[in-house]
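> One predicted model, sequence on top.
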Amino acid sequence: MKKHRSVKNNLFVAIATFAVCMASNIVQASSLIGQTITEQYYAYGSVYNQMSGSSGSFVAGSSTFSFPGYYVLSANATQIIFNFTSSGTWSPSPVSYNAGGLYIKNGVLLDIGQAISSVTLDGATNMAGLTAAHVTYGGSHIALDWANLSFQSEVTTVILNVNTTVNTNTNTGYRKPTANRPDGGGDRNGYEFYPTNAYVADGVSAEDIDSGSDLGASCISACKDKHKFYNFGFNIPTASHITGLEVRLKANADSASGSPRIFAQVSWDGGISWTARKKTKVLGTVLTNYRMGTSTDTWGHAWNANDFSDYKFRVRLINVSGDITSDFSLDSVDVRVSYY
């Protein structure tokens with residue numbers, strides 16, 4: 001008899017992307033010296049990784065980065081400098097990157113790891129046709145689009161004047177969902193009893209009784225119950241740089257048998273794509289808080305503020321036990337996002 005409980009991404013492109021900090025968080029002007037700057041090339045409609053040097057990093061003031069056959073990239077306290085080592089014309093391309101106000105057809109995306117307050121083309125820049133309209137920035141990223149423009153070996157130089165700021169992080173506080181649904185797997189009903197009880201930590205739990213339909217302990221098994229929670233009501237300023245997110249659960253199991261755990265994933269596109277999984281410790285039999293992620297853990301995804309809209313952001317929980325009689329109780333699930 002079923003138990004029941006009462007519960008409640010050939011090349012000729014370079015791009016640079018930088019995130020903008022909110023004015024309220026600005027502390028002081030900052031230097032690029034010592035900062036690790038990463039580069040990723042985009043072309044032909046997507047990220048471009050078909051040549052050595054199409055992505056990599058260097059430290060401003062102490063090292064350089066070479067895209068063999070094209071340019072050497074360096075930086076000083078306030079500038080990022082492209083010195084070209086060959087001659088040619090960047091290929092035409094469809095849009096390869098368009099997110100968070102950053103735009104590239106054929107070009108490079110840079111991440112300097114600091115909030116950017118402004119980016120301008122230095123007067124020494126001499127790539128014919130390159131204008132301010134070819135440079136977009138936001139947060140800690142700069143995107144440089146030079147599709148169809150020409151360059152000359154040992155002559156062409158592109159210099160970006162970059163103003164950065166030191167910022168204080170802030171966060172959303174823990175936000176609670178207001179919508180949920182089972183996500184297949186196992187019994188295909190997730191937390192079948194009163195899943196809305198997981199919206200508020202009040203000691204009255206959502207319940208997944210006799211969870212799953214096999215004895216395996218793999219979180220990727222199709223035999224494990226899954227449940228999605230969403231509509232967290234985030235209101236993160238558009239130009240923010242996301243530094244990390246935390247998923248917090250208050251949960252327990254009826255027994256340690258089968259080593260019950262809850263695995264979590266997060267999605268930025270309505271559940272089409274998911275991050276890698278994180279997991280709790282083996283659940284105890286008393287309701288306990290479990291936290292996955294930190295204020296500096298992005299779960300392997302480069303987030304922008306729009307990813308946290310109610311239309312896009314999802315949390316998926318996967319209940320895993322080697323005992324199909326395990327009962328999972330979930331008193332609450334909430335998410336905190338850190339940003340500047």
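Now that the structure is in, tell me what you want to look at.

> Near the nearest residue to Ile159 once chain neighbours are set aside, how many other residues are there?
With sequence-adjacent residues excluded and distances taken as C-beta to C-beta, 6 or more residues apart in numbering, Ile159 is closest to Asp122, at 3.7 Å. Every residue, glycine included, has its C-beta placed from N, CA and C. Number of residues near Asp122 (other C-beta atoms under 10 Å) recorded here: 15.

> Quick one, grab the pLDDT at Asp122.
On pLDDT, Asp122 comes in at 97.

> pretty sure it is in contact with Asn161, am I right?
Yes. Contact status for Asp122 versus Asn161: in contact at 5.1 Å, counting by C-beta atoms under 8 Å.

> so what sits against both of these two?
Gln79 (C-beta atoms under 8 Å, 6 or more residues apart in numbering).

> Report the separation between the residue nearest to Phe67 when sequence neighbours are not counted and Ser63.
Spatially, and ignoring its direct neighbours in sequence, Phe67 is nearest to Gly53 (4.0 Å; C-beta to C-beta, 6+ apart). For Gly53, the distance to Ser63 (C-beta to C-beta, to the nearest Å) stands at 14 Å.

> same thing with Phe263?
39 Å.

> picking that back up, what sits against the residue nearest to Ile159?
79, 159-161.

> Turn those residues into JSON lines, columns for distance to Leu102.
Listed next are the contacts of Asp122 as JSON lines, based on distance: C-beta to C-beta, whole Å:
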{"residue": "Gln79", "distance to Leu102": "20"}
{"residue": "Ile159", "distance to Leu102": "19"}
{"residue": "Leu160", "distance to Leu102": "14"}
{"residue": "Asn161", "distance to Leu102": "18"}
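
> Weed out the non-buried ones from these.
159-160 (16 or more other C-beta atoms under 10 Å).

> In strands, which of the contacts of Asp122 appear?
Among the contacts of Asp122, DSSP state E puts 79, 159-161 in strands.

> Give me the spatial nearest neighbour of Asn289, chain neighbours excluded.
In space, Asn289 is closest to Lys250, 5.2 Å off (C-beta to C-beta, 6+ apart).

> Partner strands of the helix or strand hosting that neighbour, with direction?
Element membership of Lys250 [criterion: DSSP states H and E] is strand 242-253. When pairing is defined by DSSP bridges, strand 242-253 lines up against strand 288-292 (antiparallel), strand 328-339 (antiparallel).

> sorry, back to before: check the ones in strands among the contacts of Asp122 against Thr178 and report the nearest one.
Checking the ones in strands among the contacts of Asp122 against Thr178 by C-beta to C-beta gives Leu160 as the nearest, at 43.1 Å.

> distance of that closest one from Ser153?
20 Å.

> residues touching Cys223, list them.
Counted by C-beta under 8 Å, 6+ apart, Cys223 has contacts 185-186, 212-214, 216.

> do Ile37 as well
Ile37 makes contacts with 57-60, 65, 73, 75, 80, 110-113, as judged by C-beta under 8 Å, 6+ apart.

> most surrounded residue in those?
Result: Leu110 is most packed of the contacts of Ile37 (other C-beta under 10 Å), 28 neighbours.

> so what's that one bridging to?
Ile142.
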